[in-house]
Structure formats: C-alpha cells, structure tokens
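J.: what's the 3D shape of this:
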Amino acid sequence: MKDLMNKVAVVTGAGSGIGRSLAEALAARGCRLALSDVNEAGLAATAGALGDADVKTYRLDVSDRDAIYAHAEQVRSDFGQINLVINNAGVALSASVRETTDEDFQWLMDINFWGVVHGTRAFLPHLIASGDGHVVNISSVFGLIGVPKQSAYNSAKFAVRGFTECLRQEMTLENQPVQVSCVHPGGIRTNIANAARMGKSENAEAQRKGFDKLAMTSPEKAAQIIVKGILKNQSRILVGPDAWGIEAVNRLLGSAYQPLVERFSRKNLYR
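T.: You can find the predicted model right below:
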C-alpha cells in the first residue's frame with residue numbers, strides 16, 4: 001500500500017488520543033474513514049474536526065465479538081470495500097498480580113486482546129478481497145518488556161504482538177494481498193492513564209503524574225510515525241524515542257533487562 005488516497009480505513013478507539021490523531025492523519029492523505037468508539041461524544045468531536053473528509057462514525061464496543069463482526073459487514077456495505085484496519089481501542093489497568101481481580105483482568109483482555117483478535121478476523125476477508133489490504137494492531141512497549149503492576153496490560157500487549165507477527169507470516173506464506181504491522185508506542189500524551197483502573201492500594205494521582213512525566217510523544221507525532229510505517233510496510237513500528245530505547249535494551253540484554261526495570265520501579269512505583 002504505497003498510496004492512501006481513496007483507501008477505506010477503519011480505526012477503532014477514534015474518539016480521542018492516538019485514534020483521533022490517526023483519523024486526522026489519514027484524512028489528510030485522502031482516506032475514506034470508518035471511525036468507531038464507545039465514547040460517542042468524543043467520536044463526534046473527531047468527525048467534526050475532519051472537515052469535508054468522507055467519514056462515517058459508529059458506536060462500537062470492541063469487547064463485543066458479535067458487534068465487531070456486524071460492524072465489519074456494515075462498513076463493507078457503507079463503503080463498498082475495506083483496505084486498512086487499525087485496531088487501536090484500548091484501556092489501562094495498574095495493579096499488582098495479587099490485587100488484580102478476575103473481573104478487571106477479563107475486562108482488559110476483552111478489549112485489548114480479544115478486541116484486536118476479533119477486529120482482525122472480522123475484517124480480514126474484506127481486506128483480502130480488496131486486493132490491497134493492511135492490518136495494523138496496536139501493541140505497546142509493554143509488549144516488549146514486562147513491567148511491575150502491569151500484568152494484565154503486559155499479557156494483552158505481548159499476546160497482540162505474537163498474534164500479529166504470526167498473521168504477517170501467514171499472509172506472506174499464503175501469498176495474500178494483505179500487509180501486517182504491529183505498533184509499539186512508548187509514552188504517548190493521551191488520556192489513557194487518567195481513565196485507567198487502579199488496584200486498591202495504588203496511589204492513582206501519583207501513578208498519573210508519573211505517566212505524564214514519561215509521556216514523551218504527542219498523539220499527533222505518533223500518528224505520523226504509524227502512517228509512515230504503514231506506507232513502508234514495516235512489520236514493527238516503534239513510536240517514540242523511549243520505544244526505540246526499550247526495544248534496543250530488550251534486544252541486547254534479553255531477560256537481563258529485568259534488573260533495570262526493577263530499579264526504575266522501586267524508585268517510581270514502590271515509594
């Protein structure tokens with residue numbers, strides 16, 4: 001996919017953050033957009049910012065498998081084709097393994113992992129039929145390294161990475177006209193930390209302030225990096241200088257990165 005003009009792009013979680021900035025970046029390149037979110041007010045604000053772009057919005061809960069499959073059929077009916085799917089919707093949870101409830105763990109996995117799986121599988125036949133398709137799944141730097149108090153989030157993002165890398169290989173081996181990219185953002189200045197669920201012993205305000213200090217990249221910059229990665233057919237798209245640093249440490253040290261994370265966490269998460 002060398003040109004996005006008149007391509008039909010599906011973006012989940014488009015009501016704010018990276019999703020909104022992706023919608024803006026894709027519209028600027030001439031994409032026709034199918035945007036979804038559970039936050040209808042945010043979704044309307046995104047659409048309102050896109051001027052005269054060809055946009056349709058949909059309320060979608062990505063934790064609902066049947067809703068995702070129905071959404072794929074609706075988008076195909078509305079636009080006639082689907083070329084690009086960006087499974088971006090996600091939530092956050094900060095809690096130790098001991099404090100994470102089954103309900104919270106399932107809530108996060110249903111959105112961050114199963115939302116990606118169902119979003120990929122529901123749209124994949126339409127992407128193949130287009131003859132020029134691309135799947136983009138948003139993982140995280142937490143899909144590269146483990147971080148204390150992020151067991152659920154790590155589980156989902158590592159799983160997204162494995163699922164996406166497997167799919168890319170399958171599409172190549174099957175000679176299918178679908179490219180596949182996995183995105184690993186570092187700290188992005190979005191509202192995800194403010195909306196995160198917290199364990200009962202967590203200091204929510206301290207956690208959010210800590211995240212704000214680490215958020216090095218704007219959503220607008222993140223979107224530009226992702227779009228460029230799509231056009232270059234990058235298998236792994238690293239977003240932000242922290243993402244490049246974490247990927248390098250992981251590659252060079254292997255599991256020996258863990259003492260570094262422990263020292264950082266002792267200073268910033270266990271005070």
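
J.: who touches the biggest strand by length in the chain?
T.: In the chain, taking DSSP state E as the definition, the longest strand is strand 178-185. For strand 178-185, the external contacting residues (CB atoms under 8 Å, 6 or more residues apart in numbering) are 1, 18, 124, 127-128, 133-141, 143-144, 160-161, 164-165, 167-168, 171, 217, 222, 226, 229-230, 233-240, 243, 247. All C-beta atoms are positioned from the backbone trio N, CA, C, and that covers glycine.

J.: ok, residue 256 - how many residues close by?
T.: 10 (other CB atoms under 10 Å).

J.: that's a strand at it, yeah?
T.: No. Assigned with DSSP: H, G, I helix; E, B strand; the rest coil, residue 256 falls outside any strand and is helix.

J.: Could you tell me the model confidence score at it?
T.: According to the per-residue confidence, residue 256 scores 90 in pLDDT.

J.: Residue 190 too?
T.: Value for residue 190, per-residue pLDDT: 77.

J.: Give me the nearest residue to it, chain neighbours excluded.
T.: residue 17 (3.4 Å; CB to CB, 6 or more residues apart in numbering).

J.: Residue 116 versus the one you found, what's the distance?
T.: 16 Å (CB to CB, to the nearest Å).

J.: and if you look at residue 247?
T.: 20 Å.

J.: Which residue ranges of the stretch 101-250 of the chain form strands?
T.: 133-138, 178-185, 197-198, 236-239 (DSSP state E, counting those that start in this stretch).

J.: In CSV: those, plus mean neighbour count, distance to residue 150 and mean pLDDT.
T.: Shown next, in CSV, are the strands of the stretch 101-250 of the chain (neighbours: other CB atoms under 10 Å; distance: least, CB to CB, whole Å; pLDDT from 0 to 100):
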stretch, mean neighbour count, distance to residue 150, mean pLDDT
strand 133-138, 26, 16, 98
strand 178-185, 24, 14, 98
strand 197-198, 18, 12, 78
strand 236-239, 22, 18, 98
